[in-house]
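Undergrad: Would you be able to build a 3D model of this:
(chains A and B, ligands or ions: 1)
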Amino acid sequence: MSSLQQYIENEREAKSHLLMTHVVYGYPTIDKSLEIMQLMLDQGVELLEVQFPFSDPVADGPTITTACHYALQQEPELTQCIHAISELAQNNPASRVLLMSYLNPLLQLGFANLASQLAENIAGIIIPDLPIDHASMLKPIHSTDVSPIWLITPDMTDQRIRHITEQASGMLYCVSRSGVTGQTDATMSGVQQYLARVRQFTTLPLGVGFGIDSSEDIQHLKGHADIAIAGSTFLNAFNRSGISGINSKLKALSP
Amino acid sequence: MNDEGRFGQYGGSFIPEILYSSQQQLLRAYREAMADSNFVNLVRSEMQHFSGRPTPLTFCANLTRQLGGAQIFLKREDLNHSGAHKMNNVIGQGLLAKRMGKPRVIAETGAGQHGVASALVSARLGLDCTVYMGAHDIERQYPNVFWMKQLGAKVIPVTTGAATLKDALDEALRDWSSSYEDTHYLIGTSCGCAPYPEMVAGFQSVIGEEVKDQSLEQFNKYPDRIYACVGGGSNACGIFLPFVNESSELIGVEAGGRGDAPGDHAMRFNTDQARFGIAQGFATKFLQDEQGQLLPTHSISAGLDYVGVSPILADLEENGKVRMTSASDDEVMEAFTLLTRYEGIIPALESSHAVAGGLREAATMNPEESIVISVSGRGDKDIFNIAKALNDKPFNAFLETYLKQSEVA
Ligand SMILES: Cc1ncc(COP(=O)(O)O)c(C=O)c1O
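TA: Residues are numbered from 1 along each chain as shown, chains lettered A, B, ... in the order given. Down below sits the predicted model:
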């Protein structure tokens, strides 16, 4: 069992669900983004997903896309990002830190390099434009304890879900609906049946993301998912009210 | 090409998981359609009766004499309905969308040519059409936006990133991520995830197939060299692919822009600013910085202003089957003027890149040799940019009068 899965299962013994929050590295500045990450960890967020910004984030909606483009003006570097969040992970052993990035920046660093840079402190990696069919690209990562986190979608066939669960480790990221990040029009109420379907194929912890905005959304997940994943909602809160916006959002979403 | 839609190390399918089933559905539908002679005949018939194919192969007697080198012929894609080769692709994909039972199409557009072509075909086939276009491109190509709207299409300005073609493509992919059930994504060039590069190149190959017959008929052999401008690469793939195993030399001409610095051109070859990358659903050579961020591009022609290139061309170039060169903004204006004055043909600024590349080399060739240049589109759409580049003052006066009169009205 990967240490990420072990961690999630241990935490879950005392908690109905865990929270995974999302921060764009470099938004609005590199220092500020690190400050936001630290704040989230101080508030007891179990899993922190740090997105390295990319110029063409096709799976992201306007909130995250705009934040990425803004962050790019800070000329962020992947190696520095990994270094900074590894340090964060070391200093906050009660939580786990994950890297999210589109393929191209990772590709330029090279997966062998990436694997050795992540190995010590980063629990998992999320790559939204890497389909399972190209899992072999991640070979160097497979020999570390970093879990590649695969996405499951509601209209996926049983066959493909099984195919993914067979190769997955750590946890699964179940996308709640079609579309990109940050749309909040859909409700979470239909998500239970979908999660039950995924559950048939795996004992891995299930995270649910895309469109989680409120504690009501999270209520719908209880008993069906292990982790609520919230991204755009924190960016929106920050854009409205700065650090204090993030603080109140954290309070609103915490168990 | 293998099953994955790979061309050597390029191509493939790197899309968000949410698009997996619709991409698989499209792959199957495309294969089935192409194996169905009724469908293939329908595409052919629409190309003839709606777009006016076959397009002529026109001999340039004056320029040939003037340059004193190779015999110069033009493949006249400018004579397609809509004024560009883009029509070949939208006829094919529009009919495919119909066949798949999708009532809505979305498209990205740079110059607006693909947007107009998509809107035309949608009007004809009764499809609902939404076009994503960079806000910056809308500024440069408003007349095309105007026509798209008249044709009933919805044009959505894209303001993220550099607000040009690559950003419009990102936005179309985002739309498709939530709309795939009733929507076909009608990509305008030979890029994107499988099967798009192969499919678009396939529908465009009618260009090269016609050149084969026409060259034999008009000068008894295949051309010695064939030139095409390369944005995403669809007109180039279309005219090149039928000749890949022949002796004709195939030359792609990219946008050299205003200089070699990052952001001043759109060359994906012959520069270390472009490297192997994966973005926008596929692997190819992308202009990118050291961190793998895609770079801004520039060209006098909006249609060549793209950060990646067809994986088919990236692979052919790597295997020495296509040679890539470029033409600067200034060379393009010169070529534009030459063709207009000597031959009475007004090429699009995109196509003027191919003309620049072809005329540059024709002069060094001998009169027994023949070249064919793909005139991918006509220049009418570029009237504003050309008037500006040529510093035509009366054009400004005309616009001022026009504005004054509209205010009064
Ligand atoms: C007239 C014309 N030629 C060429 C292009 C470039 O596209 P491609 O490289 O796919 O042929 C465009 C694109 O808009 C165009 O309008």
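Undergrad: Please report how far the residue nearest to residue B:252 when sequence neighbours are not counted lies from the ligand.
TA: Excluding its sequence neighbours, the residue lying closest to residue B:252 (CB to CB, 6 or more residues apart in numbering or on different chains) is residue B:230, at 4.1 Å. All C-beta spots, glycine's among them, are computed from the backbone N, C-alpha and C. Counting by CB to the nearest ligand atom, to the nearest Å, the gap from residue B:230 to the ligand is 5 Å.
Undergrad: Which residues lie in contact with residue B:230 in this structure?
TA: Residues near residue B:230 by CB atoms under 8 Å, 6 or more residues apart in numbering or on different chains: B:236, B:252-254, B:304, B:309-310, B:313, B:324.
Undergrad: mind running it again at 7 Å?
TA: Counting by CB atoms under 7 Å, 6 or more residues apart in numbering or on different chains, residue B:230 touches B:236, B:252-254, B:309, B:313.
Undergrad: go on, residue B:211?
TA: When contacts are counted by CB under 7 Å, 6+ apart, residue B:211 is found next to B:57, B:75, B:239, B:372.
Undergrad: again with residue A:24
TA: Neighbouring residues of residue A:24 by CB under 7 Å, 6+ apart: A:33, A:51, A:53, A:64, A:67-68, A:71.
Undergrad: where do the strands sit along the stretch 301-409 of chain B?
TA: B:323-328, B:370-375 (DSSP state E, counting those that start in this stretch).
Undergrad: looking at those, which is buried most?
TA: The highest mean neighbour count among those, using mean count of other CB atoms under 10 Å in any protein chain shown, belongs to strand B:370-375: a mean of 29.
Undergrad: Now do it: distance to the chain's middle.
TA: Relative to its parent chain, strand B:370-375 has a centroid offset of 16 Å by CA atoms, centre = their mean, to the nearest Å.
Undergrad: Sketch out the low-pLDDT regions of chain B for me.
TA: Within chain B, the segments meeting pLDDT under 70 span B:1-3, B:409.
Undergrad: and it, which of its residues are near chain A?
TA: When proximity is defined by CB under 7 Å from any CB of the partner chain, chain B lies next to chain A at B:13-18, B:20-21, B:160-161, B:166, B:170, B:173-174, B:177-178, B:277-280, B:290-294.
Undergrad: what's the neighbour count on the nearest residue to residue A:201 once chain neighbours are set aside?
TA: Excluding the flanking residues, the one nearest residue A:201 by CB to CB, 6+ apart is residue A:165, at 4.6 Å. Applying other CB atoms under 10 Å in any protein chain shown, we find 17 residues neighbouring residue A:165.
Undergrad: just residue B:248 next, same as before
TA: 23.
Undergrad: Residue B:224 is in contact with that one, correct?
TA: Yes. Counting by CB atoms under 7 Å, residue B:248 touches residue B:224, with 6.4 Å between them.
Undergrad: In the stretch 151-255 of chain A, where is pLDDT below threshold?
TA: For the stretch 151-255 of chain A, the stretches with pLDDT under 70 are A:185-187.
Undergrad: List, one by one, the residues from it near chain B.
TA: Selection of the stretch 151-255 of chain A residues close to chain B by CB under 7 Å from any CB yields A:151, A:153, A:155, A:175, A:178-180.
Undergrad: Among these, which lie within strands?
TA: Among those, the members falling in strands (DSSP state E) are A:151, A:175.
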